[in-house]
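> What follows is a predicted protein model with its sequence.
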Amino acid sequence: EAQVTQNPRYLITVTGKKLTVTCSQNMNHEYMSWYRQDPGLGLRQIYYSMNVEVTDKGDVPEGYKVSRKEKRNFPLILESPSPNQTSLYFCASSPQGATQYFGPGTRLTVL
Amino acid sequence: DAKTTQPNSMESNEEEPVHLPCNHSTISGTDYIHWYRQLPSQGPEYVIHGLTSNVNNRMASLAIAEDRKSSTLILHRATLRDAAVYYCILRALWETSGSRLTFGEGTQLTVNP
């Protein structure tokens, strides 16, 4: 089944403790991105990647890192999480074209 | 960027048609109209998109006004599973898949049994 998977789905952590949210797609898509969703602010793009080893900042990249060493994986790294990064995170992938396929989301709470 | 305006919420009864409006009065000639929806506790999913002509697929129909300043997403027979937030998004023809989708607040659709 074609899909985007994220792990973990839920995470509660403390300020300053490094964490990684994984994202993987099995559709051989070139493009992948990360969004965060907050009440009243909608979905905002954090980082995106056009292909392996090509990444760029989205609208709200501060406090986040990404890497794209393989086509299928696009992990989101929070080196020193803070409470304002408590949010619902979505990974998405896309072939050349308009449609983006979203993962199921990761709900992160930073205490 | 051209903006879209949608009602905050709409309500429908199960098995009845639903017409979800979207206004985009500043749309440019090269903007595609996309619709996504987000079911509770899930990521957004693509519904349909079009440029000028009306479009149909297995999920819905998209009716685009002749002047392209508005469009309507039509669910022909609403089911309880169609209860979601529906987003109308404009995307320029020249944009590759590398560009972001800009989501507004969307329309919360409630479907009554």
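Yep, that arrived. Source: prediction; values computed, not measured.
> Only C-alpha atoms from now on, for both contacts and neighbour counts.
Noted.
> Would you mind putting the CA coordinates of the worst-scoring helix or strand of chain B on mean pLDDT into CSV?
Scoring the helices and strands of chain B by mean pLDDT, DSSP states H and E places strand B:84-92 at the bottom, with a mean of 90. The C-alpha coordinates for strand B:84-92 follow below in CSV (Å, rounded to 0.1, in the frame of the first residue of the first chain):
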residue,chain,number,x,y,z
ALA,B,84,-13.9,16.9,7.9
VAL,B,85,-12.2,20.3,7.4
TYR,B,86,-12.2,21.1,3.7
TYR,B,87,-9.4,23.4,2.4
CYS,B,88,-9.5,25.4,-0.8
ILE,B,89,-6.0,26.2,-2.0
LEU,B,90,-4.6,28.1,-5.0
ARG,B,91,-1.5,26.9,-6.6
ALA,B,92,0.3,28.5,-9.5
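> Now do it: distance to the chain's middle.
5 Å (CA atoms, centre = their mean, to the nearest Å).
> List the contacts of that strand.
B:2-4, B:6, B:22, B:27, B:30-40, B:101-110 (CA atoms under 8 Å, 6 or more residues apart in numbering or on different chains).
> Give me every residue in chain A lying close to chain B.
With CA under 8 Å from any CA of the partner chain as the criterion, chain A meets chain B at residues A:31-32, A:40-45, A:48-50, A:58, A:90, A:94-105.
> Can you tell me the centre-most residue of chain A?
Taking CA atoms, centre = their mean, the centroid of chain A lies closest to A:W34, which sits 3.2 Å from it.
> give me phi/psi at that residue?
Here is the backbone geometry of A:W34 (degrees, to the nearest 10): phi -120, psi 140.
> Can you name the residues bridging to it?
A:W34 has these beta-bridge partners by DSSP bridges: A:Y47, A:C91.
> Enumerate every residue touching it.
By CA under 8 Å, 6+ apart, the neighbours of A:W34 are A:Q45, A:I46, A:Y47, A:Y48, A:L76, A:Y89, A:F90, A:C91, A:A92.
> Tell me, how many residues neighbour the second one?
Neighbour count for A:I46, taken as other CA atoms under 10 Å in any protein chain shown: 25.
> before we move on, what about the first one?
A:Q45 sits with 23 neighbouring residues when counted by other CA under 10 Å.
> ok so it is a helix residue?
No: A:Q45 is assigned strand when assessed by DSSP: H, G, I helix; E, B strand; the rest coil, not a helix.
> Skipping its backbone neighbours, what lies nearest the residue positioned nearest the centre of chain B in space?
Centroid-nearest residue in chain B: B:W35, 3.3 Å away (criterion: CA atoms, centre = their mean). Using CA to CA, 6 or more residues apart in numbering or on different chains and skipping residues adjacent in sequence, the residue nearest B:W35 is B:C88, 4.7 Å away.
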